[in-house]
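**Q** Pasting a predicted model and its sequence here:
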Amino acid sequence: MTAVGWVEAALFFGIVLASTRPLGAYMARVFSGERTLLSPIMGPCERVIFRICGIDPQREMTASGYLFATLAFSVVGLIYLYVLLRTQKWLPLNPQGFDNLTPDNAWNVAVSFTTNTNWQFYSGESTMSYLSQMAGLAWHNFVSAAVGIAIAVAVIRGVCRTDRKTVGNFWVDATRSLLYVLLPISFVGALVLCWQGVPQNFHPYVDVQTLEGAKQTITGGPMASQEVIKELGTNGGGFVNANSASPNENPTPFSNLLEMLLIFAIGAGLTYTYGRYAKDQRQGWALFAAMALIFAGGFAVSYASEAAGNPIVHALGVSGGNLEGKECRFGVPASALFATVTTDTSCGAVNSAHDSFTPLGGLVPLADMQLGEIAYGGVGTGLYGMILFVVLTVFIAGLMVGRTPEFLGKKIEKKEVQLAILGALVLPVFALVPTAISVLVPAGTATLSNSGPHGFSELLYGFSSTTENNGSAFAGLGGSLYFNILMGIVMLCGRFLFLIPALALAGSLAGKKSVAETVGTFTTYSPTFVFLLLGVIFIVGALTFFPADALGPIVEHLQMLQGKVQ
């Protein structure tokens with residue numbers, strides 16, 4: 001480890017911290033319907049959309065109505081993308097003449113981008129037409145992110161409101177997410193990425209001759225516009241197969257820093273938005289602090305492991321950190337930082353090969369996902385995932401002191417606790433059960449590139465990633481019919497079976513009477529609460545995942561120390 005690496009991480013986090021308050025306050029104004037700097041531009045657009053679609057911005061929905069609108073919108077979007085991918089051969093903006101996707105591959109991709117997962121069993125530069133990239137994948141990058149933000153805002157309203165039993169209007173929240181948050185930041189970010197060298201064109205690919213006399217195909221296309229929303233919307237699906245390790249998608253250290261900042265920006269800002277709605281900014285900063293500690297701990301372990309390198313390689317007389325699978329222009333620190341950031345959220349973009357990390361270095365991205373990607377989470381999903389853990393924490397604290405648990409002055413009763421537990425069980429069930437099945441059937445192990453503990457980690461990582469809608473992967477899982485169909489089902493369950501209890505919790509808390517704080521009230525913003533919250537998060541993670549994790553990366557780490565694996 002070097003001082004430069006720690007300074008790089010500190011600079012990154014310092015910028016995240018500095019941007020949290022202004023962005024969070026801005027989003028609070030947007031979703032409260034207040035006037036903002038962009039209102040003169042976006043206000044007329046918003047009113048036209050509402051008029052055309054017949055949306056009454058003053059009419060709010062119950063949690064069940066909000067959920068129905070979310071599911072209906074997602075189903076329509078899934079069908080639209082499936083049809084587009086099955087017909088791209090006959091549609092315009094296909095200069096390479098790519099064929100239609102097969103039914104199972106189109107199913108997997110359509111589900112993947114609808115659920116904000118962006119799992120990719122294909123190489124984008126050799127599979128997707130420009131129209132599919134823009135009107136299909138990039139479009140879903142925007143709307144799936146808008147859905148996540150809308151759900152987070154609805155959960156915030158339900159948790160904080162005492163005067164109404166409604167949680168907002170899905171169509172209004174999703175529209176404002178797009179117009180006021182995602183589009184403006186993406187427009188500026190795309191221009192910056194173009195300045196850094198990311199392509200943005202409609203040219204056919206270009207064949208050139210290298211200095212060695214070989215032929216190389218230079219990929220073009222509308223990359224910058226997709227790259228920025230890929231990161232900002234915590235989507236993660238790359239225009240090309242190498243994702244953000246490609247110099248086309250991520251050419252410079254500055255673009256690398258910008259992409260990491262985009263990944264964290266909205267998730268961090270929503271903690272401040274939550275504090276505004278709660279009328280107590282300490283509530284938001286408490287969640288921010290818990291998320292920051294999870295992020296810092298994960299990065300420290302990953303950086304230390306990668307910087308220590310592989311003792312087997314050291315025995316051959318080659319010193320230094322583990323550079324296998326990493327871009328030299330980023331090195332160990334920026335690779336470990338990017339891997340931590342992208343799995344603390346539901347992004348899944350990569351600037352290095354996670355499969356080539358050391359066992360403990362690779363354990364960090366795996367554990368980040370299995371904790372629920374709550375630091376700082378996907379656009380919205382991290383915040384309402386953290387709120388579910390807050391409910392569990394205040395329930396446990398109430399049991400410890402013999403008081404009825406309270407959250408923001410509202411009594412936490414049996415129904416709220418059951419919903420929080422249900423949400424916490426979604427990830428382990430849909431990550432571990434398919435992993436166990438895949439270990440036992442030939443189709444599940446047929447495409448693994450490694451055997452033993454690392455092969456098991458490839459399976460466990462894949463199903464953890466798809467359940468948690470992350471999309472990053474260890475290498476080894478081929479795009480077979482088995483994985484295309486099964487992982488499509490897992491992605492749907494991971495997205496919507498987690499979303500349902502979160503919205504139901506918001507609906508249960510909305511309109512509940514708030515009782516006055518007394519000397520015996522357990523505050524949900526103190527350092528004691530933050531550390532208790534972290535304890536609950538790690539205990540839940542350890543109880544559900546540690547036995548499985550121990551079979552993979554931990555065993556592999558011990559073998560590596562003994563010189564038994566490369």
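**A** Great, that's in hand.
**Q** Every contact and neighbour count from this point should use C-alpha atoms.
**A** Noted.
**Q** Phe151 reaches Pro501, doesn't it?
**A** You called it Phe, but residue 151 is Ile. No - using C-alpha atoms under 8 Å as the test, Ile151 is too far from Pro501 to be in contact (11.5 Å).
**Q** Looking at the two, which is more packed in?
**A** Between Ile151 and Pro501, Ile151 has the larger neighbour count (other C-alpha atoms under 10 Å), namely 31 against 21.
**Q** quick one: contacts for that one?
**A** Taking C-alpha atoms under 8 Å, 6 or more residues apart in numbering, we find Ile151 in contact with Phe170, Gly380, Thr381, Leu499, Leu503.
**Q** Give the next helix or strand downstream of the helix or strand harbouring it.
**A** Using DSSP states H and E, Ile151 falls within helix 139-160. As assigned by DSSP H and E, the chain's next helix or strand after helix 139-160 is helix 170-176.
**Q** So what touches that next one?
**A** 30-31, 46, 55, 57, 61, 66, 69-70, 143, 146-147, 149-151, 153.
**Q** Just the buried ones from the residues you listed, in ChimeraX syntax?
**A** Under the burial definition 16 or more other C-alpha atoms under 10 Å, those of those that qualify are selected in ChimeraX by:
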select :30,31,46,57,61,66,69,70,143,146,147,149,150,151,153
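**Q** could you pull out the helices for the stretch 151-300 of the chain?
**A** 170-176, 183-196, 223-232, 253-278, 281-308 (DSSP state H, counting those that start in this stretch).
**Q** Nearest to Met369, out of those?
**A** Met369 lies closest, by C-alpha to C-alpha, to one member of those: helix 281-308, at 11.3 Å.
**Q** Quick one: mean pLDDT for the closest one?
**A** Across helix 281-308, the average pLDDT comes to 92.
**Q** got the angle between it and helix 253-278?
**A** 150 degrees (axes from the mean of the first three to the mean of the last three C-alpha atoms, to 10 degrees).
**Q** Can you point out the buried residues in helix 281-308?
**A** Those would be 281-292, 294-296, 298-308, for helix 281-308 by 16+ other C-alpha under 10 Å.
**Q** For that helix, which helices and strands make contact with it?
**A** On a contact count with 3 or more C-alpha pairs under 8 Å, 6 or more residues apart in numbering; DSSP states H and E, helix 281-308 meets helix 253-278, helix 331-344, helix 359-370, helix 527-549.
**Q** Specify the angle between the first one and helix 223-232 in degrees.
**A** Here helix 253-278 runs at 40 degrees with respect to helix 223-232, directions being taken by the same axes, to 10 degrees.
**Q** Show the average pLDDT along helix 253-278.
**A** 93.
**Q** can you give me the helices in the stretch 1-150 of the chain?
**A** Per DSSP H, counting those that start in this stretch, the stretch 1-150 of the chain carries helices over the ranges 3-31, 39-53, 63-87, 103-114, 130-131, 139-160.
**Q** To Glu327, which of these lies closest?
**A** helix 3-31 (15.1 Å).
**Q** still on that earlier bit, TSV for the helices of the stretch 1-150 of the chain, including mean pLDDT?
**A** Output for the helices of the stretch 1-150 of the chain, formatted as TSV (pLDDT from 0 to 100):
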stretch	mean pLDDT
helix 3-31	93
helix 39-53	94
helix 63-87	95
helix 103-114	94
helix 130-131	92
helix 139-160	93
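**Q** Most tightly packed of the ones you listed?
**A** Using mean count of other C-alpha atoms under 10 Å, the stretch among the helices of the stretch 1-150 of the chain with the largest mean neighbour count is helix 139-160, at a mean of 27.
**Q** tilt between that one and helix 253-278?
**A** 30 degrees.
**Q** So what's the gap between helix 139-160 and the chain middle?
**A** Put simply, helix 139-160 sits 13 Å off its chain's centre (C-alpha atoms, centre = their mean, to the nearest Å).
**Q** OK, contacts around the closest residue to Ser126 other than its chain neighbours?
**A** Residue nearest to Ser126 in three dimensions, not counting chain neighbours: Phe98, with 7.3 Å by C-alpha to C-alpha, 6 or more residues apart in numbering. By C-alpha under 8 Å, 6+ apart, the residues touching Phe98 are Gln88, Lys89, Ser126, Thr127, Met128, Ser129.
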